[in-house]
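> What follows is a protein structure lacking sequence information:
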């Protein structure tokens, strides 16, 4: 535990500084999202056509979805995908570290570029601020196109909070990977002990790959200024290869409203039996909190697996999120703090019918300041697998009850209060 604190507190300082600068810039947050009909429940079947109508996210059928739930498997599959590339590799990620894992991925990208594969890498300038310039120079020397998303500029303080948080890898326009992981040693472990991250991603094939490619190309165009031509119908819309129906929801503050938040609110409004979610950063804004409480009052079984302040790398959100526990517990919402490692996953299952996996946290930053990407999946096998993973992770968590929460020490209460003051910017 002491080793984890050594990692945690310096990072908290950096996060607090970013939160302060964000608040000064006044730039976290977009316009509010309201679901028509108030608290009246919706039909969950309305989710797909509704989110398509507002987010331009058409549902596709015939997709193959493979869940990747451990660090070793994540990087084994990632490296295999990259090595299989024949035409193109497109990667965007918030965090790419200059460590053993990052260098291993960089070496593969460099080799593929030298072999004539078109390789583009987009990293967030804040999330990947620990890069050594030599790593980028080595990749560029091999032919990798590297772009940093929204570098910090003192003369543009209003841009500081707009971060690229999507995690998208597309190979040859035929297979893609998305989820919550960063390219760093922190994600390379099993996720069963700190300081390794517990995360989850999916590998997809089929028509939905084109939607994830669109997410990459949208951000690449915005920051690299390069238009990537789409080469023909086969490349633009890969052939069906599985049994799952999928949608990809892309969200950006550039749109003025959060498509990610709209999707979250729609799922809550449509849930009739259950709403289970595992999310690394849980600091719900007033709208989201009201929607959770409304669903709980309808009798929906709501469960959240969230980060424990004792086992985190970036701890501010975990402390701030506790400020809403009393209301949630009073409404019958089950809260589980994951204790086995630092939780970073973002996935959920609604009514055993729809599942989601992606980069979006349940917080103001994901809903207001970040570019995010989530895939929504309908298919009994995949949904059932994700539900089983959620149940297993609940078993590795402390379920919060009123008595335990009331007995927590003063130091914990003070820390929660302090971070709660800047919860909207964490």
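Structure's in. What do you need? Computed from a prediction, not measured in an experiment: that's the story for all the values here.
> Distance check, the residue nearest to residue 354 when sequence neighbours are not counted against residue 169.
Nearest residue to residue 354, sequence neighbours excluded (CB to CB, 6 or more residues apart in numbering): residue 378, at 5.6 Å. C-beta coordinates here come from the backbone N, C-alpha and C atoms, glycine included. The gap separating residue 378 from residue 169 is 23 Å, by CB to CB, to the nearest Å.
> Likewise for residue 187?
13 Å.
> still on that earlier bit, am I right that the residue nearest to residue 354 is in contact with residue 351?
No - the pair residue 378 / residue 351 is not scored as a contact, 10.7 Å apart, by CB atoms under 8 Å.
> between the two, who's got more neighbours?
For the pair residue 378 and residue 351, the greater number of neighbours falls to residue 378 (20 against 17), based on other CB atoms under 10 Å.
> so what's the more buried one bridging to?
residue 245 (DSSP bridges).
> Spit out the contact partners of it.
48, 244-246, 353-355 (CB atoms under 8 Å, 6 or more residues apart in numbering).
> what's the closest of these to residue 66?
Of all those, the one with the least separation from residue 66 (CB to CB) is residue 244, at 10.2 Å.
> ok, the closest residue to the closest one other than its chain neighbours - contacts?
Once flanking residues are discounted, residue 244 sits nearest to residue 379: 3.5 Å by CB to CB, 6+ apart. Going by CB under 8 Å, 6+ apart, residue 379 touches 65, 242-245.
> Count the neighbours of the residue nearest to residue 270 when sequence neighbours are not counted for me.
Using CB to CB, 6+ apart and skipping residues adjacent in sequence, the residue nearest residue 270 is residue 44, 3.6 Å away. For residue 44, the number of neighbouring residues by other CB under 10 Å comes to 19.
> same question, residue 336
Neighbour tally, residue 336, other CB under 10 Å: 22.
> my read is it is in a strand, agree?
Yes - assignment of residue 336 by DSSP: H, G, I helix; E, B strand; the rest coil places it within a strand.
> and it, what are its bridge partners?
Counting by DSSP bridges, residue 336 is bridged to residue 305, residue 399.
> okay, it: pLDDT?
We have a pLDDT of 98 for residue 336.
> For residue 110, see how far away the residue most central in space within the chain is.
Closest to where the C-alpha atoms of the chain average out (CA atoms, centre = their mean) is residue 359, at 1.3 Å. Per CB to CB, residue 359 is found 26 Å from residue 110.
> and stretch 174-181, average pLDDT?
Per-residue scores along stretch 174-181 average to 97.
> Let the chain start at 328 from now.
Got it, the first residue is 328 from now on, which makes the last one we talked about stretch 501-508.
> List of residues touching it?
Residues from elsewhere that reach stretch 501-508, judged by CB under 8 Å, 6+ apart: 395, 398, 401, 404-405, 408, 493-497, 514, 524, 526-532, 535-536, 539-540, 565, 607, 671-674, 684-686, 700, 702.
> Among the residues you listed, name the ones in helices.
398, 401, 404-405, 408, 536, 539-540 (DSSP state H).
> Fine by me, we can end here.
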